[in-house]
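below: sequence and its predicted model.
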Protein chains: 2
Amino acid sequence: MTTLLRELAGIAGDANVEAPVPRAALRDATEAQAYAGRADALVRPGSAEEVAALLAWCYRHDVPLTARGGGSGFAGGAAPEGGIVCSLERMRAVRALVPEGWRMHAEAGLATAHVHRLARENGLWFPPDPGAAEQSQLGGNIATNAGGPHAFKYGVTGDWVMGLEAVVAPGEMVRVGGPLRKDVAGYDLRGLLIGSEGTLGIVTAAWLRLIPAPEAALPVIGLYPDADAGAAAVQNALASGAIPAALEFLDAGALAAAAGLPVDGGSAGAGFAVLAEADGPLAGAQADRDTLAEALEDGALAVHAPAPEALWRWRSGVSHAVIAQRGGKLSEDVAVPVERLAEAVRGTVEIGERHGLQACSWGHAGDGNVHATFLLDPGDAAERGRAAAAAEELFDLALALGGTLSGEHGLGRLKAHRLKDQLDPATLALQRAVKDALDPKGLLNPGAKLRDARAA
Amino acid sequence: MTTLLRELAGIAGDANVEAPVPRAALRDATEAQAYAGRADALVRPGSAEEVAALLAWCYRHDVPLTARGGGSGFAGGAAPEGGIVCSLERMRAVRALVPEGWRMHAEAGLATAHVHRLARENGLWFPPDPGAAEQSQLGGNIATNAGGPHAFKYGVTGDWVMGLEAVVAPGEMVRVGGPLRKDVAGYDLRGLLIGSEGTLGIVTAAWLRLIPAPEAALPVIGLYPDADAGAAAVQNALASGAIPAALEFLDAGALAAAAGLPVDGGSAGAGFAVLAEADGPLAGAQADRDTLAEALEDGALAVHAPAPEALWRWRSGVSHAVIAQRGGKLSEDVAVPVERLAEAVRGTVEIGERHGLQACSWGHAGDGNVHATFLLDPGDAAERGRAAAAAEELFDLALALGGTLSGEHGLGRLKAHRLKDQLDPATLALQRAVKDALDPKGLLNPGAKLRDARAA
């Protein structure tokens, strides 16, 4: 152990190596279902060169290396299976901010909220808006290709990444893309690293694309008796001709948990809510808001136009409000073709009932992306077991509806064993070929994303 | 030869195998610089299964296989270096069109213009708008990750591809992604295949994302005395707060070649033009158009608001108008950080002068994407040689400005030898590792994109 620590300290400095590993560095948001990893040491490199030296050391000594950002993930991707944890928290420099070129060059440890603030202070906007913006880091968002409500119109994190600096096996720094909005010179390794959950390489910095913030963002919210009426309203919004910036939903259970919807009468009596936001120049946003409000009228108990700040503050509290019901939750992020939304929402509740669990869902209706959630007491092992079994049925449902195991959280360790059910054998083999080409020793975040058939 | 043809006919049918290969199937738009390939046979498979059988046959017999679409590429990517040409022209089925889900599932041989028409007939829009829409095919657009004027706001072809069916070595059909707007379950092999120019696999079908067409699209055009004033106007448009749908430019030579700008007085006397389009709901588009028009005023000789149809018709004729000057051209698509635009535009003309060639440029100003062009007589070998030498200097300039060899055409065979100058050795090695993992025999479009160091 002493030799290990001495060698790691030689790479990142004494102050930046810790053993035993602090509890917080072994966990992510799956802590709410009592999940944690184990590791021998935590290292906090201060530069991409130090990350490269660390990976080189791991490759020489056959030691696993798991990168972590803010630890707000929902799939156990940052809960290591042994070896070294590499925290990017010290790498939070803004290397360049070029407002006239609509771009920023930032290190992976920068908090998402910091990226948002810097953009705003320069008259610009970074649209990806995953939850936990103060906790999560840019590198983690890139590793999971994080989404969020505004992904409906603006796309996910990867759509705003023009280039990456990354460290790949056996300990090399690479740069794919750069400060360029278009570049097809090589293969799109930028896209390959984005969403790879630290299993193909470790992202150390990114060139981000920014845009001017819309002059106005005007939400409307429709309340419905049930999921069928609500899903019909989502279809009406899609058929309205407007392009919503966000198109969200909450089912009855999520609405009941998240009190305080900031409109007259709250959400009392509603079994489903649809939130649509129009944005753009004020005059255009107003026109689209009116179009969307009209589309949401059919079958609605009520349609409101709340103040955007209050509505989004309420919306960002939904996840915690749901946790507060019983102290914990198992929350997934399956996605289905949008016309199958009602089936996924109803199916989640039915699966919960079969396993004796309260269930609810909310999420990104326009993307068919459902945060299907089973409430649990994290101290109750039997309940955790039932929730895990319910999640397996949820994955079956998502795949039966033509959907995916994960729309925005990634597979981490908790879903990796199901990839074989989503992909046909030839496609799975191709995934494996790419992993083997980039991480031949299988030391990068082992067990996450693409769990070896031998280990499954 | 007879055995070869008999075996290929066994795969695709007698009527769909040709040898010798018709001249048109050996060429792309680089014909304007007298470039062509060679191959032993042309096969036109009718299904993905037949493409898989064809690749399996090639892998068994160590025969190169080059896929081709409409042959409108500018980099020689569809000019084969021996072996078999696989034309996707028979695969043009629309497998599904789901207007309420904003999506289409179409085969690779469908013409780009056909995709546009189908979307429009269903009240929707497929934004990618590369040139040669009647000639080019969906598969070719995907293989090069084609852009176009509206890529500035809406992104390139890959941004509208949710999933792919493809054939990979040694002859397997795979499916990556699908009818889902978000999917992070596996590695993004969709992104890896997009833009890979047929060197990692052959795309046979795609799930496309569509959106409602904007209610209004209102262009403005500013005319300037020279490139410096014009590039300053581009910066002013970027700083205006509006998000242009397109932000294009033409330099003096391109303006002179493309007569008939549909505004009072045409482009007479102008040394540079900047075209900005505002779109969205009518009221919003009008607001943005006014904002952009004001931003373009500074330093302008004139600012006009032409009718969109006439303006885009004129704009789409620019490439042919330039060819018409001397019968041929060598046209590149380097991209630079947007603040270096004027240097790229001036540099193109200076490089032309050094090589005794008329030069001009136009393209996607907001993306820093410059169609730097040297005019030539395709029958004059000495002139073609001087143009090729000029192109090498242009690549040097693009890289010196922090840019890329290619923003939207790909590297094909004509630029592949320069990738080593854009990427550092570790990044280049990573590209090679991916190629070797997916095409271990190097039979897929050999010589294109990633030219082996041994062959360079």
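Now that the structure is in, tell me what you want to look at.

how about the residue lying closest to A:Arg95 once chain neighbours are set aside, secondary structure?
Once flanking residues are discounted, A:Arg95 sits nearest to A:His105: 4.2 Å by CB to CB, 6 or more residues apart in numbering or on different chains. Yep, even glycine has a C-beta here, placed from its N, CA and C like the rest. Here A:His105 is recorded as strand under DSSP: H, G, I helix; E, B strand; the rest coil.

distance of the nearest residue to A:Pro149 once chain neighbours are set aside from chain B?
Spatial nearest neighbour of A:Pro149, excluding adjacent residues (CB to CB, 6+ apart): A:Ala246 at 4.0 Å. Distance of A:Ala246 to chain B, given as CB to the nearest CB, to the nearest Å: 13 Å.

beta-bridge partners for A:Ala246, please?
A:Glu277 (DSSP bridges).

contacts only, for it.
Each residue near A:Ala246 by CB atoms under 8 Å, 6 or more residues apart in numbering or on different chains is listed here: A:Pro149, A:His150, A:Phe152, A:Lys153, A:Pro219, A:Leu275, A:Ala276, A:Glu277, A:His364, A:Gly366.

in helices only, show me the residues you listed.
A:Phe152, A:Lys153 (DSSP state H).

redo the contacts of A:Ala246 as a markdown table? Include pLDDT and neighbour count.
As requested, the contacts of A:Ala246 are arranged in a markdown table below (pLDDT from 0 to 100; neighbours: other CB atoms under 10 Å in any protein chain shown):
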| residue | pLDDT | neighbour count |
| --- | --- | --- |
| A:Pro149 | 97 | 28 |
| A:His150 | 97 | 22 |
| A:Phe152 | 98 | 23 |
| A:Lys153 | 98 | 19 |
| A:Pro219 | 98 | 26 |
| A:Leu275 | 98 | 27 |
| A:Ala276 | 98 | 33 |
| A:Glu277 | 98 | 26 |
| A:His364 | 98 | 26 |
| A:Gly366 | 98 | 26 |
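
closest to A:Ala398 out of the contacts of A:Ala246?
Checking the contacts of A:Ala246 against A:Ala398 by CB to CB gives A:His364 as the nearest, at 14.2 Å.

who's in contact with the closest one?
Each residue near A:His364 by CB under 8 Å, 6+ apart is listed here: A:Gly147, A:Gly148, A:Pro149, A:Ala151, A:Phe152, A:Ala246, A:Leu247, A:Glu248, A:Gly407, A:Glu408, B:Lys182.

swap in 7 Å and give it another go.
A:His364 makes contact with A:Gly147, A:Pro149, A:Ala151, A:Phe152, A:Glu248 under the criterion CB atoms under 7 Å, 6 or more residues apart in numbering or on different chains.

pLDDT value on the residue of chain A found nearest chain B, please?
Residue of chain A nearest chain B, by CB to the nearest CB: A:Gly284 (1.7 Å). If you check A:Gly284, the pLDDT there is 97.

my understanding was that it contacts B:Leu282; is that so?
No: applying CB atoms under 7 Å, one finds A:Gly284 not in contact with B:Leu282, separated by 8.0 Å.

okay, those two: which has more neighbours?
A:Gly284 (29 against 15; other CB atoms under 10 Å in any protein chain shown).
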